[in-house]
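**Q** Here's a sequence, model it:
(2 chains)
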Amino acid sequence: NAGVTQTPKFRVLKTGQSMTLLCAQDMNHEYMYWYRQDPGMGLRLIHYSVGEGTTAKGEVPDGYNVSRLKKQNFLLGLESAAPSQTSVYFCASSWRGRPGELFFGEGSRLTVL
Amino acid sequence: AQTVTQSQPEMSVQEAETVTLSCTYDTSESDYYLFWYKQPPSRQMILVIRQEAYKQQNATENRFSVNFQKAAKSFSLKISDSQLGDAAMYFCASPDEYNNNDMRFGAGTRLTVKP
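**A** This is a model prediction of the structure:
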């Protein structure tokens, strides 16, 4: 009963370092998303994908890149981490025909020093 | 862009009683969806309830129900017979009117349940 799995769960980076967050889902969902959650601001969409090989920008895409080479995986990359990217990152997935019915991972807490 | 506002940062309720969480939104669309998500201390968000704007009947899921006032752009969540397990952050959400794939979330309401 894995659902949506994110790795790693916690990471500490220094400014300028790069890293990749991995999201994997086993529900055969077409759509996948990356959100960030900051105190007092709810969740904001970074990037999303409506299918293998396609990605699109969300509300706050700057400083991030994504790739979806396989249907079940969605990667979020930070090429040069900044303190402003300290946040909790959530991956989610959904069926094409059920907009907004998101299945979330447990989150990844990233701290950039 | 869609704006979703939750004006109650914190709420508390006595176990077994009823509590209502408020949410307002802004859209020019006539047909859209509204959602309430629950985020317990474990952090993983789960969908609580969904409302389709073209349906006049308020959605209900067991102890959870909504009061949807389309003209007022209000979408409140009522939790009846509150249980200790209901303690969590609750987020109201709706897709952006220009991009259905961009879900817009409110800032959240932290619900405490007192035994």
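**Q** May I have the residues that are in contact with B:Lys78?
**A** B:18-21, B:64-67 (C-beta atoms under 8 Å, 6 or more residues apart in numbering or on different chains). All C-beta spots, glycine's among them, are computed from the backbone N, C-alpha and C.
**Q** give me that answer again for 10 Å
**A** With contact set as C-beta atoms under 10 Å, 6 or more residues apart in numbering or on different chains, B:Lys78 has these partners: B:18-21, B:49, B:58, B:60, B:63-67.
**Q** Equivalent analysis for A:Lys57, please.
**A** A:45-48, A:64, A:66, B:99, B:102.
**Q** Format those as a markdown table; extra columns: pLDDT and neighbour count.
**A** Putting these into a markdown table (pLDDT from 0 to 100; neighbours: other C-beta atoms under 10 Å in any protein chain shown) gives the following:
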| residue | pLDDT | neighbour count |
| --- | --- | --- |
| A:Leu45 | 96 | 23 |
| A:Ile46 | 97 | 23 |
| A:His47 | 97 | 23 |
| A:Tyr48 | 96 | 26 |
| A:Tyr64 | 98 | 19 |
| A:Val66 | 97 | 23 |
| B:Asn99 | 86 | 17 |
| B:Asp102 | 90 | 19 |
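**Q** what residues does chain A put near chain B?
**A** Taking C-beta under 10 Å from any C-beta of the partner chain as the contact definition, chain A meets chain B at A:3-4, A:6, A:9, A:31, A:33, A:35, A:37-45, A:48-50, A:56-59, A:88, A:90, A:92, A:94, A:98-109.
**Q** Quick check on the residue in chain A positioned nearest to chain B: phi, psi?
**A** In chain A, the residue that lies nearest chain B is A:Gly42 (3.5 Å; C-beta to the nearest C-beta). Backbone torsions of A:Gly42, given as degrees, to the nearest 10, read phi 70, psi -160.
**Q** That one contacts B:Cys23, doesn't it?
**A** No: judged on C-beta atoms under 10 Å, A:Gly42 makes no contact with B:Cys23 at a distance of 11.2 Å.
**Q** neighbour-wise, which of those two wins?
**A** B:Cys23 (27 against 21; other C-beta atoms under 10 Å in any protein chain shown).
**Q** what about that one, distance to chain A?
**A** 11 Å (C-beta to the nearest C-beta, to the nearest Å).
**Q** next one: phi and psi at the nearest residue to that residue once chain neighbours are set aside?
**A** Leaving out its chain neighbours, the residue that sits closest to B:Cys23 by C-beta to C-beta, 6 or more residues apart in numbering or on different chains is B:Cys92, at 3.4 Å. Main-chain torsions, B:Cys92, degrees, to the nearest 10: phi -90, psi 140.
**Q** For A:Gly77, identify the helix or strand it belongs to.
**A** Assessed by DSSP states H and E, A:Gly77 sits inside strand A:73-78.
**Q** Report the strands that pair with the helix or strand that that strand is followed by, each with its relative direction.
**A** Using DSSP H and E, the helix or strand that follows strand A:73-78 in sequence is strand A:87-94. Applying DSSP bridges, strand A:87-94 is found paired with strand A:31-37 (antiparallel), strand A:103-104 (antiparallel), strand A:108-112 (antiparallel).
**Q** could you give me the average pLDDT of the second one?
**A** Mean pLDDT, strand A:103-104: 96.
**Q** Stretch B:61-69 now?
**A** Averaging pLDDT along stretch B:61-69 gives 96.
**Q** Same question for stretch B:36-47.
**A** For stretch B:36-47, mean pLDDT is 92.
**Q** Doesn't A:Glu106 lie inside a helix?
**A** No: using DSSP: H, G, I helix; E, B strand; the rest coil, the secondary structure at A:Glu106 is coil, not a helix.
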